[in-house]
Every structure is written in C-alpha cells, then in structure tokens.
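**Q** below is the sequence, then the predicted model.
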Amino acid sequence: MRFLILILAFFLGNSCSHVFYQPSARHYVDPAKFNLKYEDVFFSAKDGTKLHGWFFPTRSQKVRGTVIQFHGNAQNISTHFFSLVWLIEHGYNLFTFDYRGYAKSEGVSSQAGIYLDALAAFDQAYAFHQKSGGGKFVLYGQSTGGAISLRALPDWKECPQVDLVVMDSAFSSYQDIAFDKLHSRWFLWPFSPLAYLLISDEYAADEVFKRFTSPLLVITGDHDEIVPPKFGKVIYKGVASPRKWHWKLKSGSHIDAYFIDGGTQRARFLRFLDEL
C-alpha cells in the first residue's frame, strides 16, 4: 500500500502538484522592474497564520472595481500576477496573495488551512475595494485557485457583494482531477481508483454548488491538458447560479486566455465586465 501511495504522490507531483500544492519560496519577479506600483500586504487567517499579498492600484482615474486573484498551485504571486495585472490599465485594482506555505506566507499548505486563507483574503480584498472607490468586486480563480475560492465563497459573510466569479481552467473536485490524471496514462490507470481513497474532498467546491448563487463565468481551453475542459463544464452545469456563462476557447490551453488570439479576449472580458 505504501508503494501505491508513493506512486500516486509522485504522479500528482508531476501534474497538478505534490498532492495539489507546490509552493516556492523564491521571489521570481519584482513588479517594480516593470514600473508597476504595488503595496506589500500582510494579514492573518482566523487561526493566526500570517499571509502575504500584493495590492496593485489601478492606473486609471476612473475606478471600475477590484479583482481578487486566487492563483494556481505552483510557485507564488511573483509569477502569477502577470496573468491579470494588465487590468490595472483599465480601471481595476488587483489584489493577489499567497496561500500558507507559499513565499512570504507562513504555515504549511493544507486544504483546511487554505480554506481559512481564502476567507481572510476575501476580507482583505474587500476592504481595499471599499477604500478605493467601489465599483465591481470580482473573484478570479485559476486552476487550483478556482477550487479553493469556489469552495470558500459561499461561507464568506459578504458573499452577496461579489459581482462576478470567474473560474479559469478550474476544477471542483480534488478526487476527480486526481482520478483523471491517473486514468489518462496507461501505466497508471490501474491505480486510478486510489484517487478516491487517498485524496480528500472535504473542501471540494462541488460540495457547495447548491449554495452558489453569484454570477459565474467559466473559461476553458480546448487544448488544456492540465485541467481538461470537461472539469469547467462540471462547474458550469453544477452551480445553482441563475446567471452564468461558459467561454470555450478553441485555441486556449491552461490559463492563457489573455495571451492568445492577439489579445482579443482581453477586450472581450472588459466589455463583459462593463455590460454585467
């Protein structure tokens, strides 16, 4: 049994994460090198764990809103901020943060702990949102960050204040994505049922689908081999929200919506926010 656990852990470590979290302490990129103004933010989860994030104020005179980013499982905010920081040129503030165990955030990564981190990050981002002039408050979850944020949102006391939830290349069940990764390789598919024995879904997002009522945008890439588009389809079909949309990007892969098609998806997203 121990051998099978090692196989599962090794395989997951080379696909989604070392069982879903693969933090790095390395500071990869300083936004200041790109003339980006930002604020170092330190805040605490309910259990006292100190967390770290960055707040990028909009460069526009008109504040259109604030976006909180829940990044994927690897590295830290010093790489992930790139995917959404372009929004500050168009009236949106960006708040991004690291889960416990990542970079300057203390603690050890776990589903239970990161659930608390998500709630604390919502509070911190919403405080910035109110202080900076309001507008739309947008949750943007990417890959594993989608599963994390989607699970925590219905439990956040200010949940009704969220104007839009974006699930980009995301999944809702840790067990299902683990099963899919094992089952997709011929030499590992015999071990695929172990995903439902060795991986916990206690903090899986599909547990709260019926309580989820915020407007939802699901983005999937047809060529996403890390989180295949079928997982986004599960989210889109499963949530109870009366207002939801699914963008299926034919040329998209994993979290690259705003770097393909000559930037047309950026303009599309901005129009979508304006019309929301």
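**A** Here it is on my side, so go on. All figures in this text were calculated on a predicted structure; none of them were measured in a lab.

**Q** where along the stretch 1-150 of the chain do the helices fall?
**A** Counting by DSSP state H, counting those that start in this stretch, residue ranges of the helices within the stretch 1-150 of the chain are 2-13, 77-80, 111-132, 144-152.

**Q** rounded mean pLDDT for the shortest one, please.
**A** So the one you mean is helix 77-80. Averaging pLDDT along helix 77-80 gives 98.

**Q** can I get it in PDB? Just the C-alpha atoms.
**A** Included here for helix 77-80 are C-alpha records, laid out as PDB according to Å, rounded to 0.1, in the frame of the first residue of the first chain:
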ATOM      1  CA  ILE A  77       2.400  35.500  -6.700                       C
ATOM      2  CA  SER A  78       5.700  36.700  -8.100                       C
ATOM      3  CA  THR A  79       4.900  34.800 -11.300                       C
ATOM      4  CA  HIS A  80       1.100  34.600 -11.300                       C
END
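
**Q** what about I255, how many residues close to it?
**A** I255 has 24 neighbouring residues, counting by other Cβ atoms under 10 Å. All C-beta spots, glycine's among them, are computed from the backbone N, C-alpha and C.

**Q** any idea whether it is helix, strand or coil?
**A** Under DSSP: H, G, I helix; E, B strand; the rest coil, the three-state class of I255 is coil.

**Q** so what's V165 up against?
**A** Shown in contact with V165 (Cβ atoms under 8 Å, 6 or more residues apart in numbering): 138-139, 141, 149-150, 153, 214-217.

**Q** still on that earlier bit, just name the most buried of the helices of the stretch 1-150 of the chain.
**A** For the helices of the stretch 1-150 of the chain, average neighbour numbers computed from mean count of other Cβ atoms under 10 Å are highest in helix 144-152, which has a mean of 27.
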